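1. give me a model of this one.
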Amino acid sequence: MFGAVRVALALAVLGLAACSGAGRDSATAAQPTLPPVVQSPVPEDSREPAVKDAAPEPEAELAAEAKPAATVASPPLREPIELTFVGDIIFGRYRTTGFDPIVGEGERPFDDILATMRSDVLIGNLETPLVYELPAKSPIGAKFAFGASKAMAQHLVDGGFTAVSLANNHSFDQRAEGLLQSPKILEELGILPLGASRSEPPVFRVETIERRGWKIGLLAVTSRRNAPQFAGTPELPFLSTNEFTATLGPLIDAAKPTHDLIIVFVHWGEEYADAPGRHQQNQARALLDRGAHLVVGHHPHVLQGIEKYGEGAIAYSLGNFLFENTNEIPRLTGVLRARFTATSCLEALTFHPAYIKRTPSKHPVPATGGLGKIVRTRMRTLSEALETTLEASGEDLVLRRSCAAGN
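-> Reported below is the predicted structural model:
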């Protein structure tokens, strides 16, 4: 019955419009307008009494019946992300005769291992300061002194590096010029400098990379330095290892609400030691407890083990990657690949074995066959000493964990 009444009323309205000669536009303009939406509550004493059982306007009810229901699109799911990490990189060193480059003219040192390094974000430790004009003689008197020009740093671009750490003990090898020019050169090349020396506070800071909907916080520090802090020069982000949690913990706390991942990149430990010290282990675990997802280390110039801890992991040392020392153990290296699910869960940590090949000039290549077995054996043995089992997967080693829904 009510439907028939509605149809009759609608026909009557259309008939009146036709008799009056009104066109379609004027009929639309004559529609009753809806009251504005009230954004804030109206005080009780100013509200009008509600009208109960009021019949709706015929035209409005017909329009409501004809209007399709609104649909709300679900937000797109974030895809998993992969990050890769490598160890120490230099492009040459000073000898008594002058600068001795590692990479030959026209060579591309990372080409043989590009496929292994490729990921959404690639980070390494640049253990050499950069300057626009590389001096022929070392500006410092140390036996081991490094340096590189902007042209040499172009190899990092060719290798696909997203960021490199400058927080290490060779940061002062080109004196104040290297401290000041290194981050500028990297920025000009489109590479993010991590742990750069600062002339203004804060010295310790979380750097941010955004990739494919992910916001990644990177914190780079060193517990090793070859020179004291000189007045009037930028300050290196240097800390004693035992001070890591007290200084870096609050930075992690502040970054957690605005970042999907937090990675701590540290230059620490003893050179050529097979295992980290207990104080390193304690501090690395504390950083993971505080909210970091990974701790990645370098400086010992040899591979050390990987430790699974809580929902994260610690790679104590990734050794050398592009370096002049190609002795039996220091030449063993690798690429560490971390895969995180859309919920920021560390799903898999894959170690790709590699070594530094001596010819035609020193450069990293994947380790397969007999050399691959040597690298895998070292990494598995040292990781087992840290109560962590790495599974073999072809030429690689993998640490897996279950990422349940919500993790």
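2. pretty sure residue 198 contacts residue 234?
-> Yes - between residue 198 and residue 234 there is a contact at 5.5 Å, judged by CB atoms under 8 Å. For the C-beta atoms, the positions are set from N, CA and C on the backbone; glycine is no exception.
3. who's more crowded, the two?
-> A count of neighbours by other CB atoms under 10 Å puts residue 234 above the other of residue 198 and residue 234, at 20 against 16.
4. after the biggest strand by length in the chain, which helix or strand is next?
-> With secondary structure taken from DSSP state E, the chain has its longest strand at strand 346-357. Moving toward the C-terminus from strand 346-357, the next helix or strand (DSSP states H and E) is strand 363-366.
5. so which residues make contact with that following strand?
-> Strand 363-366 has contacts (CB atoms under 8 Å, 6 or more residues apart in numbering) with 86, 103, 107, 109-110, 112-113, 116, 321-322, 333, 352-357, 372, 395.
6. helices and strands around the following helix or strand past that strand, which ones?
-> Note on strand 363-366: by DSSP H and E, the next helix or strand toward the C-terminus is helix 369-384. Judged by 3 or more CB pairs under 8 Å, 6 or more residues apart in numbering; DSSP states H and E, helix 369-384 is in contact with strand 306-309, strand 332-340, strand 346-357, strand 396-400.
7. most tightly surrounded among those?
-> With neighbours taken as mean count of other CB atoms under 10 Å, these reach their highest mean count in strand 332-340, at a mean of 24.
8. pull the number of nearby residues for residue 254.
-> Neighbours of residue 254 using other CB under 10 Å come to 12.
9. next one: phi and psi at it?
-> phi -70, psi -30 (degrees, to the nearest 10).
10. so how far is residue 217 from it?
-> 10 Å (CB to CB, to the nearest Å).
11. what's the answer for residue 229, then?
-> 26 Å.
12. contact partners for the residue most central in space within the chain?
-> Nearest to the mean C-alpha position of the chain, counting by CA atoms, centre = their mean, stands residue 216 at 4.1 Å. Residues in contact with residue 216, defined by CB under 8 Å, 6+ apart, are 83, 121, 208, 209, 210, 259, 260, 261, 262, 263.
13. I'd like to know which of these are buried.
-> 83, 121, 209, 259, 260, 261, 262, 263 (16 or more other CB atoms under 10 Å).
14. need these in TSV (columns: secondary structure and pLDDT).
-> Below are these laid out as TSV (DSSP: H, G, I helix; E, B strand; the rest coil; pLDDT from 0 to 100):
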residue	secondary structure	pLDDT
83	strand	98
121	strand	98
209	strand	98
259	coil	98
260	coil	98
261	strand	98
262	strand	98
263	strand	98
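15. could you check the angle strand 396-400 makes with the longest strand of the chain?
-> On the basis of axes from the mean of the first three to the mean of the last three CA atoms, to 10 degrees, strand 346-357 is oriented at 160 degrees to strand 396-400.
16. for strand 346-357, enumerate the helices and strands it packs against.
-> strand 306-309, strand 312-315, strand 320-322, strand 332-340, strand 363-366, helix 369-384, strand 396-400.
17. so which helix or strand takes in residue 94?
-> Per DSSP H and E: strand 92-95 holds residue 94.
18. can you list the buried residues in that strand?
-> So for strand 92-95, counting by 16+ other CB under 10 Å, buried means 92, 93, 94.
19. likewise for stretch 296-313?
-> 296-309, 312-313.
20. what does stretch 109-120 give?
-> 109, 110, 113, 116, 117, 119, 120.
21. contacts only, for residue 108.
-> 155, 158.
22. what do you get for residue 296?
-> 85, 123, 263, 264, 265, 266, 315, 318, 336.
23. look up how far residue 338 lies from the first one.
-> Just to be clear, that refers to residue 85. 7 Å.
24. just the fourth one next, same as before
-> Counting by CB to CB, the gap from residue 264 to residue 338 is 13 Å.
25. residues near residue 236, how many?
-> Counted with other CB under 10 Å, residue 236 comes out at 24.
26. thought residue 345 was touching residue 403?
-> Yes - Residue 345 is within contact range of residue 403, at 3.8 Å (criterion: CB under 8 Å).
27. got any ranges where the stretch 301-407 of the chain has weak pLDDT?
-> Under the criterion pLDDT under 70, the flagged ranges of the stretch 301-407 of the chain are 405-407.
28. same deal with the chain?
-> In the chain, residues with pLDDT under 70: 1-76, 405-407.
29. identify each of the helices in it and give its residue range.
-> 2-20, 24-29, 58-66, 114-117, 150-158, 175-188, 244-255, 278-290, 369-384 (DSSP state H).
30. report the distance from the shortest one to the chain centre.
-> Distance, stretch centre to chain centre, for helix 114-117: 17 Å (CA atoms, centre = their mean, to the nearest Å).
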